[in-house]
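Asks: Here is a sequence together with a model predicted from it:
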Amino acid sequence: MIITVTSYKGGVGKTTTAIHLAAYLQRLAPTLLVDGDAIRSATKWSQRGDDRGLPFKVVTHAQMVSHLRDYQHIIIDTEGNPTDDDFRDLAANCDLLVIPAVPESVANDGLTHTLAKLHQLKNDRHRVLLTMVPPKPRTEGQQLREMLRREGIPAFTAEIPRLAAFEKAAAEGVPVYSVRDDRNAGRAWDAYEAAGREIIRG
């Protein structure tokens, strides 16, 4: 299975999503993460890890071809704001396009643009994942989910809460389940596990 994580908007949790979906899928079968971001966010994440580091291999886009045959699942982390040609290629060459979306108006502009491009391409292999969802009583997550439902846009039932545990995971170079001394680390991992299960169910 090839899963591409992309958006026309940066700062929506693309790399965090790619890292944690790869961590989930690695528990099921050998999984490769391809770092297609110009600033190499996933590669830098992996290089910060100690013996608790990432449980899967991270390679650059240029290195991908020589590794594909060894892995059952491929996760591709992409750069923010791809060119239209790159976006078309990304959408056409994967089994599922995961589109992280932060429930706030500025980020939604990027989501709207991404979804419009997918509509033009007649792509039906995509799903929106709500990320950095603020806690209740704030309602931005619920509002975005209702908007997606009204528009008939496929979305994960799972959503990723806004938690400092993810920033700690990036700083430590580990998946969030390995973060030490954070009572929300388990909850953070549960959210991505739920998203991973939805992918496997199809």
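Replies: Thanks, I have the structure now.
Asks: quick one: which helix or strand includes residue 135?
Replies: Secondary-structure assignment from DSSP states H and E places residue 135 in no helical or strand segment.
Asks: can you check residue 145 too?
Replies: Using DSSP H and E, the element containing residue 145 is helix 140-151.
Asks: which outside residues touch that helix?
Replies: Outside helix 140-151, the residues within contact range by C-beta atoms under 8 Å, 6 or more residues apart in numbering are 101, 103-104, 108, 115, 128, 130, 133-134, 155, 159. Bear in mind the C-beta positions are built from the backbone N, C-alpha and C, glycine included.
Asks: Surely residue 196 and residue 22 touch.
Replies: No. Taking contact to mean C-beta atoms under 8 Å, the distance of 9.4 Å between residue 196 and residue 22 leaves them out of contact.
Asks: Run a quick neighbour tally on residue 96.
Replies: 15 (other C-beta atoms under 10 Å).
Asks: On the three-state scheme, the nearest residue to it once chain neighbours are set aside is what?
Replies: Leaving aside its sequence neighbours, residue 96 sits nearest to residue 3 (C-beta to C-beta, 6 or more residues apart in numbering; 5.0 Å). Classification of residue 3 using DSSP: H, G, I helix; E, B strand; the rest coil returns strand.
Asks: Look up phi and psi at residue 192.
Replies: Geometry field for residue 192 lists phi and psi as phi -70, psi -30, criterion degrees, to the nearest 10.
Asks: how far away is the residue lying closest to it once chain neighbours are set aside from residue 146?
Replies: Once flanking residues are discounted, residue 192 sits nearest to residue 20: 3.8 Å by C-beta to C-beta, 6+ apart. Here residue 20 is placed at a distance of 25 Å from residue 146 (C-beta to C-beta, to the nearest Å).
Asks: cool, and residue 65?
Replies: Look at residue 65 and residue 146: by C-beta to C-beta, they are 42 Å apart.
Asks: just residue 164 next, same as before
Replies: From residue 164 over to residue 146 the distance is 27 Å, taken as C-beta to C-beta.
Asks: my read: residue 195 touches residue 160, true?
Replies: Yes. Contact status for residue 195 versus residue 160: in contact at 7.3 Å, counting by C-beta under 8 Å.
Asks: Need the residues touching each of the two.
Replies: Going by C-beta under 8 Å, 6+ apart, residues that sit against residue 195 and also against residue 160 are 17, 129.
Asks: Next, the buried residues of the host helix or strand of residue 46.
Replies: For residue 46, the element it lies in under DSSP H and E is helix 41-47. Applying a neighbour-count criterion of 16 or more other C-beta atoms under 10 Å, one finds 41-43, 45-46 buried in helix 41-47.
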